[in-house]
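**Student:** give me coordinates for this.
(one chain, ligands or ions: 2)
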Amino acid sequence: MPSEPSSVVEQYFPIEGATEAAPFAPAMGPDDSVMLRAEDLRKEYRSGSQPLVLFDELNLTVRRGEMVAIVGESGSGKSTLLHLMAALDRPTAGDVYCASTWLGKLTAAQAAAFRNREIGYVWQLHYLLPEFTALENAAMPLLARDEPRSTAFAKAREMLREVGLEARTHHLAGELSGGEQQRVSLARALVTQPRLLLADEPTGNLDNRTAEAVFGLLERLHTMHRLTSILVTHNMEIAAHCGRTLRLHEGRLHEVRLQAGRSEDTSRQMATASSETPGHPIVRTSFPGGNTAGTA
Ligand SMILES: Nc1ncnc2c1ncn2[C@@H]1O[C@H](COP(=O)(O)OP(=O)(O)OP(=O)(O)O)[C@@H](O)[C@H]1O
Ligand SMILES: [Mg+2]
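**Tutor:** Ligands and ions are numbered 1, 2, ... in the order given. You can find the predicted model right below:
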């Protein structure tokens, strides 16, 4: 795993100096339709004698309003890539421009403020604080930026309603089911009304049915809140429902065409990644259990 935040609060907390204006990204200025651009990214880790190069010269452009899935083998660097997009980590080389901000120019304090303002992040391990209620967890990014408690809790309550968890508002996070925890994690990610949602396996560790429900919710929130969403998933059926799917393989992102199986067997992930032809239309599919498939 890339260096996970020691505390999610720290990642949101606009620490001293965060009020300095974050550098505008001149390269993205003229083209307002772009939400995120990664240019010639290289990331290497040095833990043994040999450097581990995860990717090199990786390029990616995501337009506003897109929902993009990133798939790839375990260890291919998906979480690392998401961390770079959120300024949670720095690339070895290359640049990331996100929401008109040049991430490479941010100080640590500016990066914290940038995340709090622009990014909704769903961690691979959801990092809820188990001894706090669903409401407190959902309100946490607002409390971290000193929003008055009354408005922070009102917004968090509304987000919990949107994710269908009104009835669990005062449950401790540690008392919730996996699917419920994932929904609180979505509420927390969106309570600040970010423009970009980065979700790292938001349906990992959930059974098929719950995964489908959480993804359905994510799709609705994506549309309702006019988000740009990038989600990492191992679930190819879910990837097939995103507007674009990219596979991270041997350090490069490849556009993939997904074709869901038509079997009614819900226990297996039936979708298969086929050709890596750039720009090939995505085949839209039904979820497992459905029996329709058609081309977009
Ligand atoms: N801080 C670190 N130091 C050294 N190596 C690291 C570090 N963080 C991650 N790695 C290595 O980088 C590789 C990519 O890790 P990453 O967590 O990005 O993979 P992933 O594609 O998200 O995998 P998964 O699907 O299992 O979550 C792994 O082989 C991991 O061991
Ligand atoms: Mg990962």
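
**Student:** distance of residue 217 relative to ligand 1?
**Tutor:** Here residue 217 is placed at a distance of 22 Å from ligand 1 (CB to the nearest ligand atom, to the nearest Å). Placement of C-beta: from N, CA and C, glycine included.

**Student:** oh, that last question was meant for residue 252, not what I typed.
**Tutor:** Going from residue 252 to ligand 1 by CB to the nearest ligand atom gives 14 Å.

**Student:** which residues touch that residue?
**Tutor:** Applying CB atoms under 8 Å, 6 or more residues apart in numbering to residue 252 gives the contacts 55, 58.

**Student:** who does it bridge with?
**Tutor:** residue 249 (DSSP bridges).

**Student:** in a helix, residue 204, correct?
**Tutor:** No. Assessed with DSSP: H, G, I helix; E, B strand; the rest coil, residue 204 is coil; it does not lie in a helix.

**Student:** next, count neighbours for it.
**Tutor:** 16 (other CB atoms under 10 Å).

**Student:** that one contacts residue 124, correct?
**Tutor:** Yes. At 6.6 Å, residue 204 counts as touching residue 124 under the criterion of CB atoms under 8 Å.

**Student:** ok, the nearest residue to residue 77 once chain neighbours are set aside to residue 92 distance?
**Tutor:** Using CB to CB, 6 or more residues apart in numbering and skipping the chain neighbours, the partner closest in space to residue 77 is residue 54 (3.8 Å). Remark: distance between residue 54 and residue 92 (CB to CB, to the nearest Å) = 9 Å.

**Student:** same deal with residue 204?
**Tutor:** Counting by CB to CB, the gap from residue 204 to residue 92 is 27 Å.

**Student:** how many neighbours does residue 54 have?
**Tutor:** By the criterion of other CB under 10 Å, residue 54 has 24 neighbours.

**Student:** quick one: it is in a strand?
**Tutor:** Yes. The assignment for residue 54 by three-state DSSP puts it in a strand.

**Student:** residue contacts, it?
**Tutor:** For residue 54, the contacting residues are 43, 44, 45, 76, 77, 80, 251, by CB under 8 Å, 6+ apart.

**Student:** and the second one, what is it in contact with?
**Tutor:** Residue 44 makes contacts with 51, 52, 53, 54, 92, as judged by CB under 8 Å, 6+ apart.

**Student:** and it, backbone torsions?
**Tutor:** Backbone torsions of residue 44, given as degrees, to the nearest 10, read phi -130, psi 150.

**Student:** that one bridge partners, please.
**Tutor:** Each beta-bridge partner of residue 44 is listed here, defined by DSSP bridges: residue 53.

**Student:** just the pLDDT for it.
**Tutor:** On the pLDDT scale, residue 44 is placed at 95.

**Student:** from residue 234, how far out is the residue of the stretch 101-250 of the chain found nearest ligand 2?
**Tutor:** The stretch 101-250 of the chain approaches ligand 2 most closely through residue 124 (5.0 Å), counting by CB to the ion. According to CB to CB, residue 124 stands 11 Å off from residue 234.

**Student:** near ligand 1, which residues of this protein?
**Tutor:** Contacts of the chain with ligand 1, taken as CB under 6 Å from any ligand atom, map to 1-3, 45, 47, 52, 54, 72, 74-80, 124.

**Student:** ok, of the residues you listed, which come out buried?
**Tutor:** Buried subset of these (neighbour count, 16 or more other CB atoms under 10 Å): 2, 54, 72, 76, 77, 78, 79, 80, 124.

**Student:** surely the fifth one touches residue 251?
**Tutor:** Yes. Counting by CB under 8 Å, residue 77 sits close enough to residue 251 to count as a contact (7.4 Å).

**Student:** shared neighbours, these two?
**Tutor:** The contact sets of residue 77 and residue 251 overlap at 54, 55 (CB under 8 Å, 6+ apart).

**Student:** can you classify the closest residue to residue 151 other than its chain neighbours by secondary structure?
**Tutor:** The shortest distance from residue 151 to any residue other than its chain neighbours is 7.5 Å, reached at residue 142 (CB to CB, 6+ apart). The three-state label given to residue 142 by three-state DSSP is helix.
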